[in-house]
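Colleague: Got a sequence here, can you model it:
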Amino acid sequence: MAEVWREWGGVIVASLVALPVVALTVAVLAGVRRRRGMPPRVAWWRSAAEVGMVAGTLPWVWMILTPKDAPRRVHLTPFRDIAVQLTDPSTLVVQIGGNLLVFAALGFFAPIRWPVLAGAGRVFAFGAAASILVELAQYVLDLGRVSSVDDVLVNAVGATVACILSRRWWREAADRMICVC
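Modeller: Numbering: from 1, shown residues only. Now for the predicted structure:
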């Protein structure tokens with residue numbers, strides 16, 4: 001766990017320090033929207049969803065795109081990395097747990113903001129597409145990381161689980177059409 005802290009502690013601390021800025025940003029955006037005539041509830045939901053997507057995803061993408069002193073590698077065989085990670089509990093928690101969280105905020109808030117994305121299948125596809133872009137960036141930028149199809153799958157599953165957890169709110173948003181672009 002000390003290695004995880006050494007590697008990612010700065011990102012974690014920066015994310016925690018940013019929380020007041022995130023809250024302030026939601027409040028300012030909601031206030032601007034309310035002054036422009038948007039109903040208060042809609043203004044708050046839209047603002048929270050937009051800021052939540054960015055603030056909840058950006059630290060994880062920062063971690064993923066942090067260069068390492070290693071050769072870049074590509075793993076295209078599905079479930080290969082997952083099988084290896086299942087043999088080591090510490091790797092399992094860090095790798096699988098971390099990959100489940102990468103696009104969780106996106107999966108949680110996107111269907112609230114854009115009802116067209118409401119539904120597990122759509123969010124899975126959206127999360128997979130976002131993950132493919134990140135994995136391609138890792139490879140193209142030669143960051144010394146592994147670009148893996150398993151990362152794409154686990155990232156997309158994390159977005160989907162978060163989507164399901166937010167169902168109450170995106171159903172409400174879709175029913176009231178409060179989040180139409």
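Colleague: And residue 80, how far from residue 40?
Modeller: The spacing between residue 80 and residue 40, counted by C-beta to C-beta, to the nearest Å, is 50 Å. C-beta coordinates here come from the backbone N, C-alpha and C atoms, glycine included.
Colleague: Show me how far the longest helix anywhere in the chain is from its chain's centre.
Modeller: Ordering each helix of the chain by length in residues (DSSP state H) puts helix 2-35 first. Taking the mean of its C-alpha atoms, helix 2-35 sits 14 Å from the chain's own mean (C-alpha atoms, centre = their mean, to the nearest Å).
Colleague: That one packs against which elements?
Modeller: Helix 2-35 sits against helix 40-64, with contacts defined as 3 or more C-beta pairs under 8 Å, 6 or more residues apart in numbering; DSSP states H and E.
Colleague: Now do the host helix or strand of residue 152: distance to the chain's middle.
Modeller: For residue 152, the element it lies in under DSSP states H and E is helix 149-165. Its chain's average C-alpha position is 9 Å from that of helix 149-165, according to C-alpha atoms, centre = their mean.
Colleague: can you list contacts of that helix?
Modeller: With contacts defined as C-beta atoms under 8 Å, 6 or more residues apart in numbering, helix 149-165 is touched by 75-82, 96, 99-108, 110-111, 119-120, 123-128, 130-132, 134-135, 170.
Colleague: State the distance from the closest residue to residue 166 other than its chain neighbours to residue 101.
Modeller: Nearest-residue entry for residue 166: residue 108, 4.5 Å, with adjacent residues in sequence omitted and distances by C-beta to C-beta, 6 or more residues apart in numbering. According to C-beta to C-beta, residue 108 and residue 101 sit 11 Å apart.
Colleague: Pick out whichever of those two has more residues nearby.
Modeller: Neighbours per residue (other C-beta atoms under 10 Å) separate residue 108 from residue 101, with residue 108 holding more: 26 against 20.
Colleague: what's the closest non-adjacent residue to the spatially most central residue of the chain?
Modeller: Of all residues in the chain, the one closest to the mean position by C-alpha atoms, centre = their mean is residue 103, 2.1 Å from it. The shortest distance from residue 103 to any residue that is not its chain neighbour, by C-beta to C-beta, 6+ apart, is 4.0 Å, and that residue is residue 159.
Colleague: For that neighbour, grab the count of nearby residues.
Modeller: As a burial measure, the neighbour count of residue 159 was computed by other C-beta under 10 Å and equals 30.
Colleague: which residues does residue 19 contact?
Modeller: The contact partners of residue 19, taken as C-beta under 8 Å, 6+ apart, number zero.
Colleague: Can you read off the pLDDT for it?
Modeller: According to the predicted model, the pLDDT of residue 19 comes to 94.
Colleague: Likewise for residue 41?
Modeller: According to the predicted model, the pLDDT of residue 41 comes to 89.
Colleague: separation between it and residue 129?
Modeller: Relative to residue 129, residue 41 is positioned 30 Å away (criterion: C-beta to C-beta).
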